[in-house]
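S.K.: Make a model of this:
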Amino acid sequence: MMRIALLTDGIYPHVIGGMQKHSFYLAKYFAQNKINVDLYHPITNTENAFLKEFSSEESKYIHPIFVKFPKSVYFPGHYIYESYKYSKNIFEKYIQRKPVDFIYAQGFCGWEMIKQKKGGIDSISPIGINFHGLNMFQKAFDLRTRLNNVLFKPAVKFNLLYTDYTFSLGGKLSSLIYKVANKRSNIIEIPVGVDLSWLTEENKLKNNKPLSFVFVGRYDKVKGIDILNNAIKNLVSDKKLFEVNLIGPFPSNLQLKYNNVRYYGEIKDIHELKELLTKNDVLISSSYSEGMPTVIIEAMACGLAVIATDVGAVSELIDEKNGILISPGKTKALEDAILKFSGFTSEKIIMMKKQSIKKVKQHYLWSEIIRKTIVEIEKIVANKKNDYYH
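M.R.: Model prediction:
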C-alpha cells in the first residue's frame, strides 16, 4: 500500500487559501483511494478535532503530524525565514518516521528536504513541489510587490532547481517554471479542481435582471481590488444597470457606498458560499497575478460565466465560450467586459453558464485530478524501484 508524505503550511478550513484547500482535497482523495497520507501541518487542534473534517473511512488513512510554525519579529523577508525554519521542523519530524514512497510538498514546505538531498542524503524519497501561482515571477504592478518579489525569487528558484519534480497547474505557469529552472522533464501538469458536490444542475440555471456580478477574495492589491473599485465607480456614475456582490474580508471603511453594491464578509462555510454563488450570473477575477484560482472553478461549477484577467493558468479555464479574458491592471478592459455581458442576450449567457459546467465536468473534478496525480506518482515510484535494482 502506497504511503505519501503531504507537507502543508495549513489546511482548509482551519486556514483559508487556495493552497490550503488544495491540500485538504489531496489528503481526502488520496485517502479515498486507500493511500496512506502522513499529513504534516501547523494546526494546533487535537487529532480528533483535526480529522473531523474527513469521513471516518478517510481518517483511517490520514495520519496528522503537528509541526510548529516558527514566528519571528517582523523584518523584510521574515516570512521566507519562517518558512525555511518550518521546513527544517518538518524534516526533523520526517526523519523520525518510517519511509514513504513519495513526498508532496506545498510551497516552501520541502525546502530543507531538498537542501539535504542536494547535500548528498539520497535516502530521502522522491520530492515533488507545488508553488501554485509563482506570483513572484509574474508581472508586478507596484513598487511594494516588486520589492517583495525580489526577496522571494532566490528562495523559490533554489527549490525549483533542485527538487526532483515540480507540479504545475498548466497554462503560462509551465513555461514560467521552465524559464526559472531550465528543465522540462520533471514538470508534471495537473490542475486544481472541485468536489462533485459543487456542480449545479443545468436545468436550474437562470439569469438575473439586471445581471449580477460577484467577486470572491480578500482585500489585497494583488487581487486587483483597485481595478474593480474603479470600474464600479465609473459604471455607476454612467448609470449602468448591474449589481455587484463582494464576498471576503473587506474593511468597512474601504467599502463602496452604492445601492447596487453589497458586501457579505468572509464566508467559510462551503454550502453557504455555493448557495450565494448560484444566485449570481458572472464571476469577476481581477487579479494582477494568479495560479489557477479555485474560486473560478467553483463559480464555473455553480453555473457562472466569468470575467478574468489572463494570468497564470486562467486561460486554461476561460475562453469565449464561457467568459471574457482581459489584460491585468486595465480598468477600461474590465468596464468593457461588464458592459459586453450586460449587452448579451439571456440565451447567450445561459449558453456560457452551461459551458462553464461542462468544462468542470470534463476536466476539473477531483475524482479525475487525483487519478492523474496517482498515475504520475506511481510512475515515479516504479522508476525509483527500477533504479534501485539496477
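S.K.: Helices along the stretch 251-390 of the chain, start to end?
M.R.: All helices of the stretch 251-390 of the chain, identified by DSSP state H, counting those that start in this stretch, fall at 270-277, 294-301, 331-343, 346-363, 366-389.
S.K.: now the stretch 51-200 of the chain
M.R.: With DSSP H, counting those that start in this stretch as the criterion, the stretch 51-200 of the chain has helices spanning 56-59, 78-94, 111-118, 143-162, 172-181.
S.K.: Burial-wise, tell me which of the ones you listed comes out on top.
M.R.: Stretch with highest mean neighbour count among the helices of the stretch 51-200 of the chain: helix 111-118 (a mean of 20; mean count of other CB atoms under 10 Å). Every C-beta, even on glycine, is put in place using the N, C-alpha and C of the backbone.
S.K.: what's in contact with that one?
M.R.: With contacts defined as CB atoms under 8 Å, 6 or more residues apart in numbering, helix 111-118 is touched by 83-84, 87-88, 90-91, 94, 103, 105, 124, 127, 129, 155, 158-159, 162-164.
S.K.: Same check on stretch 356-375?
M.R.: By CB under 8 Å, 6+ apart, the residues outside stretch 356-375 that reach it are 25-26, 28-30, 32-33, 35, 190-196, 198-200, 202, 297, 299-301, 303-306, 317, 322-323.
S.K.: now stretch 225-235
M.R.: Contacts for stretch 225-235 (CB under 8 Å, 6+ apart): 215, 217, 219, 242, 244, 256, 258, 261, 284, 286, 329-331, 334-335, 338-339.
S.K.: List only buried entries from these.
M.R.: Among the contacts of stretch 225-235, those classed as buried by 16 or more other CB atoms under 10 Å are 215, 217, 242, 244, 256, 261, 284, 286, 329-331, 334-335, 338.
S.K.: circling back to that earlier point, which one of the helices of the stretch 251-390 of the chain has the lowest average pLDDT?
M.R.: Among these, helix 366-389 has the lowest mean pLDDT, at a mean of 88.
S.K.: Pull out the buried residues from it.
M.R.: 366, 369-370, 373-374, 376-377, 380-381.
S.K.: Put the alpha carbons of it into PDB.
M.R.: Taking C-alpha atoms only, helix 366-389 is exported to PDB below (Å, rounded to 0.1, in the frame of the first residue of the first chain):
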ATOM      1  CA  TRP A 366     -11.200  15.900  -8.000                       C
ATOM      2  CA  SER A 367     -12.000  12.300  -9.000                       C
ATOM      3  CA  GLU A 368     -10.200  12.900 -12.200                       C
ATOM      4  CA  ILE A 369      -7.400  15.100 -10.800                       C
ATOM      5  CA  ILE A 370      -6.500  12.500  -8.100                       C
ATOM      6  CA  ARG A 371      -6.400   9.800 -10.700                       C
ATOM      7  CA  LYS A 372      -3.900  11.700 -12.800                       C
ATOM      8  CA  THR A 373      -1.900  12.500  -9.700                       C
ATOM      9  CA  ILE A 374      -1.700   8.900  -8.500                       C
ATOM     10  CA  VAL A 375      -0.700   7.700 -12.000                       C
ATOM     11  CA  GLU A 376       2.200  10.200 -12.100                       C
ATOM     12  CA  ILE A 377       3.300   9.300  -8.600                       C
ATOM     13  CA  GLU A 378       3.100   5.600  -9.300                       C
ATOM     14  CA  LYS A 379       5.400   6.100 -12.300                       C
ATOM     15  CA  ILE A 380       7.900   7.900 -10.200                       C
ATOM     16  CA  VAL A 381       7.800   5.200  -7.500                       C
ATOM     17  CA  ALA A 382       8.200   2.500 -10.200                       C
ATOM     18  CA  ASN A 383      11.200   4.300 -11.700                       C
ATOM     19  CA  LYS A 384      12.800   4.600  -8.300                       C
ATOM     20  CA  LYS A 385      12.500   0.900  -7.700                       C
ATOM     21  CA  ASN A 386      13.900   0.100 -11.100                       C
ATOM     22  CA  ASP A 387      16.900   2.300 -10.500                       C
ATOM     23  CA  TYR A 388      17.400   0.600  -7.100                       C
ATOM     24  CA  TYR A 389      17.500  -2.900  -8.700                       C
END
